[in-house]
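Participant: would you be able to build a 3D model of this:
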Amino acid sequence: MNTVRIVGGHFRRRVLRFPDSAGLRPTPDRVRETLFNWLGQSLDGWHCLDLFAGSGALGFEAASRGAARVVMIEKTPRVLAALHENHQSLHQPGAVEIVRGDALQYLASTTEKFDLVFIDPPYRQGWIERLAPHLPALLNEDGAIYLEAENEIASLGDWQTIRQGQAGEVHFHLLRRQTA
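Facilitator: Now for the predicted structure:
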């Protein structure tokens, strides 16, 4: 099993375990630290969605920092099993809901609104373009998107990149809706 450590909040230093799986790239500690510096250390009361949960690093990190609700979507059975095991090892935080499914199917079936959506899809499969039309119905007016991609992204629909960085081959972005 591979491991990643939660870097802040209530579950700080707790280790998450996950299996090898094609396309699974946990967000590195340094990148998560940067993201939560951009967002602020506390997500108290936020509703978050992790569309490609993978290792669970982003979703569990959000729960660790006080998110009221974190929905984690994962379709790969072995990876999904590891998410459940990690949830169990963290004493099943009530804020976390783990859903087995495809990101697009979930988006088509939910009416829930979120404050923050994590998007870290498998690369070179067109996921970002397929997800973009669903974002307006998914995010609250002042909602933010955290996006990891194989290249720089200036915008995604109404959301513009306000912060970005690069770690190795990964480009990471924080996007906010442009207001008139």
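Participant: measure the residue nearest to Arg163 when sequence neighbours are not counted to Gln88 for me?
Facilitator: Spatial nearest neighbour of Arg163, excluding adjacent residues (Cβ to Cβ, 6 or more residues apart in numbering): Leu174 at 4.2 Å. C-beta coordinates here come from the backbone N, C-alpha and C atoms, glycine included. Applying Cβ to Cβ, to the nearest Å, the value for Leu174 to Gln88 is 31 Å.
Participant: higher neighbour count, those two?
Facilitator: Neighbours per residue, other Cβ atoms under 10 Å: of Leu174 and Gln88, the larger number sits with Leu174, 19 against 9.
Participant: shouldn't the more buried one be in contact with Glu148?
Facilitator: No - between Leu174 and Glu148 there is no contact under Cβ atoms under 8 Å: 10.9 Å.
Participant: what helix or strand is the spatially most central residue of the chain on?
Facilitator: With distances taken as Cα atoms, centre = their mean, the residue of the chain nearest its centroid is Phe118 (2.9 Å). When elements are assigned from DSSP states H and E, Phe118 belongs to strand 114-119.
Participant: gap between that strand and the chain center?
Facilitator: Centre-to-centre, strand 114-119 and its host chain are 7 Å apart (Cα atoms, centre = their mean, to the nearest Å).
Participant: for this protein, longest strand please?
Facilitator: strand 139-149 (DSSP state E).
Participant: the helix or strand just after that one pairs with which strands, parallel or anti?
Facilitator: Using DSSP H and E, the helix or strand that directly follows strand 139-149 along the chain is strand 155-156. Using DSSP bridges, the strands paired with strand 155-156 are strand 159-167 (antiparallel).
Participant: quick check: angle from the strand it pairs with to strand 114-119?
Facilitator: Relative orientation of strand 159-167 and strand 114-119, computed by axes from the mean of the first three to the mean of the last three Cα atoms, to 10 degrees: 50 degrees.
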